[in-house]
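> Generate coordinates for the sequence data below:
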Amino acid sequence: MRASKRPIERAPASKPVGYDNPAAATLMSHARPLWLSDYSVVFWLEKAMQEAPSVLDIGGYVGISYSFHEYLHHPEELQWIIYDVPALTEAGIEIARREHGPGLSFTAELNSNIQVHTVLALGALQFSEQSLPELLSRLARLPSHLI
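Predicted coordinates:
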């Protein structure tokens, strides 16, 4: 089979590439109803929250999975940290401020100040330049649960 002579198509220079830009924060709503495919995540998250209500949501966008907390029984001291690229983090902080998300925070950096019981990674790891072990090694301690 011969190689194609067509030029390689690239994103136009005038368009943003990736998610680290303000426009990316408007691609999807930050709140949505539960989908049938969310059942297993909510099931295991419910069990993990009974042990400790702290979640690191890797690639959590501007809080899509945070809406799960409305369906979970958890202590009031919920700590839900969303880790994403800087532009999405900035947009998420604004949404949380505007909508008063209890226990919700955003970060664009993982470090030893972050201590969580559960790590949630829903469809984000394939976009990460670091492996999951590399990401988790930056935390204060390894989480008890990975979902």
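> In this structure, which residue is most central in space?
Gly60 (1.5 Å; C-alpha atoms, centre = their mean).
> That one and Pro75, how far apart?
From Gly60 over to Pro75 the distance is 20 Å, taken as C-beta to C-beta, to the nearest Å. From N, CA and C alone the C-beta is placed, and that goes for glycine too.
> by contact count, what packs against the helix or strand bottoming out on mean pLDDT in the chain?
Using mean pLDDT, DSSP states H and E, helix 86-99 stands out as the lowest-scoring helix or strand of the chain, at a mean of 89. Contact partners of helix 86-99 among helices and strands, from 3 or more C-beta pairs under 8 Å, 6 or more residues apart in numbering; DSSP states H and E: strand 104-107.
> and the least confident helix or strand of the chain, which residues are buried?
87-89, 91-93, 95-96 (16 or more other C-beta atoms under 10 Å).
> between these, which is closest to Leu120?
Nearest to Leu120 among those: Gly92, at 14.8 Å, using C-beta to C-beta.
> Contacts for stretch 51-58, please.
45, 48-49, 65-66, 74-75, 77-83, 103, 110, 114-122, 124-125, 128, 135, 139, 143-145 (C-beta atoms under 8 Å, 6 or more residues apart in numbering).
> The same query, at a cut-off of 6 Å, please.
65, 74-75, 78-83, 116-121, 124 (C-beta atoms under 6 Å, 6 or more residues apart in numbering).
> Now for those: which two are most distant?
Across these (C-beta to C-beta), the longest gap, 26.1 Å, separates Pro75 and Ala124.
> Tell me which of those two has more neighbours.
Neighbour count, other C-beta atoms under 10 Å: between Pro75 and Ala124, Ala124 has more, with 16 against 10.
> From Ile147, how far out is the more buried one?
In terms of C-beta to C-beta, Ala124 sits 12 Å off from Ile147.
> now swap in Ile114 and tell me
For Ile114, the distance to Ile147 - C-beta to C-beta - is 17 Å.
> and Leu142, which of the three is it?
coil (DSSP: H, G, I helix; E, B strand; the rest coil).
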